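Student: the following comprises the amino acid sequence and a computationally predicted model.
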Amino acid sequence: MFTFAGYMKTKKCMNRILLIDTATDTCSAAIGEGNSIIALRESADDRSHAVKLAAFIDELFKEASIEPGQLSAVAISMGPGSYTGLRIGVSMAKGLCYGAGVPLIAVPTLQAMCYGVPKSFLDENNLNDFYYCPMLDARRMEVYTAIYNQLFFECKETSAEIIGLNSFSHFLQEKPVIFFGTGAEKTQEIISAPNAYFFNNFKHSSKNMLSIANLLYSHSSFQNVAYFEPFYLKDFIATVPKNKILS
């Protein structure tokens, strides 16, 4: 039987997770309560993470009228992605976890991206049985990518791929593949298979992390706050400005 007291108890027990995604040029943070996003802040300004992330999180707590200690967990987009962006996000997440005494959840960046492809795109293209292929732009014709089925299960593990005419041919022969993310544009210039679909309006957002974060929380799949490191996929390569070389 429904009772107001029971409703309040259920509401109080909802997961309340801070979501942080700084794996790309987009700096995004949100608070999820249950299956809903109750506060969101994000900016697509390149290299703004170090300046904006702390301010965004402070604004989120104020909007949601909660303190860090009232969180169930902090979830971080774990990579692959921008080396600097990932370090900024993970450092902030660790600091919050230490200070508030809450667990750390690591959400695979590429898997979370799949939740950002809207149902309207699937419906418009009559896609029922298909693969997701999220892509992050790397150097030249390289992308960071993976393959997931329509239930978000991994079918091809995360890797760095050089895009060529025969890329993903095995999957494209099986069923439609949806390409999206910052690496999809250059992929579209090369791959023109009938089963290749490109979602060009994709936007990175921490809100895409919520479903996975809730699932990991329900299984108590937490990271060691002291030792967790982002999934960089490749080592950081520092570049030296030309004027420094000349001098």
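Tutor: Received, thanks.
Student: contacts, neighbours, all on C-alpha from now
Tutor: Will do.
Student: quick check: buried residues in the longest helix along the chain?
Tutor: Ranked by number of residues, the top helix in the chain under DSSP state H is helix 83-100. Neighbour-count burial for helix 83-100, counted by 16 or more other Cα atoms under 10 Å, picks out 83-90, 92-94, 96-97, 100.
Student: and for stretch 169-188?
Tutor: Buried, per 16+ other Cα under 10 Å, within stretch 169-188: 171-172, 175-185, 187-188.
Student: returning to what we had before: pull the residues that contact the longest helix of the chain.
Tutor: 20-25, 47, 49-50, 53-54, 68-69, 73-79, 102-104, 225-226, 229-230, 232, 236 (Cα atoms under 8 Å, 6 or more residues apart in numbering).
Student: following element in sequence after the helix or strand of the chain with the lowest mean pLDDT, please.
Tutor: Ranking every helix and strand in the chain by mean pLDDT, DSSP states H and E puts helix 4-12 at the bottom, with a mean of 38. The helix or strand immediately downstream of helix 4-12 is strand 16-21, counting by DSSP states H and E.
Student: could you list which residues are in contact with residue 45?
Tutor: By Cα under 8 Å, 6+ apart, the neighbours of residue 45 are 25-27.
Student: try residue 81
Tutor: Applying Cα under 8 Å, 6+ apart, the residues near residue 81 are 23-24, 109, 136, 144, 232.
Student: can you show me the helices along the chain?
Tutor: 4-12, 49-64, 83-100, 109-113, 119-124, 169-174, 184-188, 210-218, 242-246.
Student: need these in a markdown table with distance to residue 37, can you?
Tutor: Output for these, formatted as a markdown table (distance: least, Cα to Cα, whole Å):
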| stretch | distance to residue 37 |
| --- | --- |
| helix 4-12 | 14 |
| helix 49-64 | 10 |
| helix 83-100 | 18 |
| helix 109-113 | 15 |
| helix 119-124 | 18 |
| helix 169-174 | 34 |
| helix 184-188 | 27 |
| helix 210-218 | 8 |
| helix 242-246 | 45 |
